[in-house]
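Participant: need a 3D model of the sequence below.
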Amino acid sequence: MCVYLSVITGTVITAVMREGSMYATISIINVYKEGSLAIQQAGKTMSTKIIILCKKCPFIRRGLNYVFMGVVDEDGRGKIAPQHFVMAFKTKNQKVLNVLKNKRC
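Facilitator: Below you'll find the model as predicted:
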């Protein structure tokens, strides 16, 4: 059975804590696995919304670039739970992440 995850790199535009979770808007740098992620497009700029549910997940900061891997909820938002990950994105990691584009599961 395949579990479809969303894997993107992006810059944090907004990040707000509400009810113990971080709600963020991400300006997308690259999409490696989209799943059913809702992506808004304005010209060449793409963005999406994510929720970080894990209280122990790394704190994200506005203006910095990250790799986000999680599932997609019924509203098309990315959800990052404890079993998923967020990490700082470095351009040198681009080649490794490109491998994900061709993986089915």
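
Participant: low-confidence ranges in this structure?
Facilitator: For the chain, the stretches with pLDDT under 70 are 1-4, 56-58, 102-105.

Participant: which secondary structure element contains the most centrally placed residue in it?
Facilitator: For the chain, the residue sitting closest to the mean C-alpha position, by Cα atoms, centre = their mean, is Phe68 at 3.3 Å. Using DSSP states H and E, Phe68 falls within strand 65-72.

Participant: buried stuff in that strand?
Facilitator: 66-72 (16 or more other Cβ atoms under 10 Å). Just so you know, the C-beta spots here come from the backbone N, C-alpha and C atoms, and that holds for glycine as well.

Participant: on that earlier part again, the residue nearest to the centre of the chain: what's it in contact with?
Facilitator: Contact analysis of Phe68 by Cβ atoms under 8 Å, 6 or more residues apart in numbering lists 6-10, 26, 50, 78, 80, 86.

Participant: with neighbour count as added columns, please give the residues you listed in TSV.
Facilitator: Formatted as TSV, those follow (neighbours: other Cβ atoms under 10 Å):
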residue	neighbour count
Ser6	25
Val7	22
Ile8	26
Thr9	21
Gly10	24
Ile26	24
Ile50	27
Gly78	26
Ile80	24
Val86	20
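
Participant: could those residues go into TSV alongside distance to Lys95 and secondary structure?
Facilitator: Listed next are those as TSV, based on distance: Cβ to Cβ, whole Å; DSSP: H, G, I helix; E, B strand; the rest coil:
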residue	distance to Lys95	secondary structure
Ser6	20	strand
Val7	14	strand
Ile8	16	strand
Thr9	13	strand
Gly10	18	strand
Ile26	21	strand
Ile50	24	strand
Gly78	23	strand
Ile80	24	strand
Val86	20	strand
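
Participant: could I get those as JSON lines with distance to Gly35?
Facilitator: Converted to JSON lines, these look like this (distance: Cβ to Cβ, whole Å):
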{"residue": "Ser6", "distance to Gly35": "5"}
{"residue": "Val7", "distance to Gly35": "9"}
{"residue": "Ile8", "distance to Gly35": "10"}
{"residue": "Thr9", "distance to Gly35": "15"}
{"residue": "Gly10", "distance to Gly35": "15"}
{"residue": "Ile26", "distance to Gly35": "15"}
{"residue": "Ile50", "distance to Gly35": "12"}
{"residue": "Gly78", "distance to Gly35": "9"}
{"residue": "Ile80", "distance to Gly35": "13"}
{"residue": "Val86", "distance to Gly35": "16"}
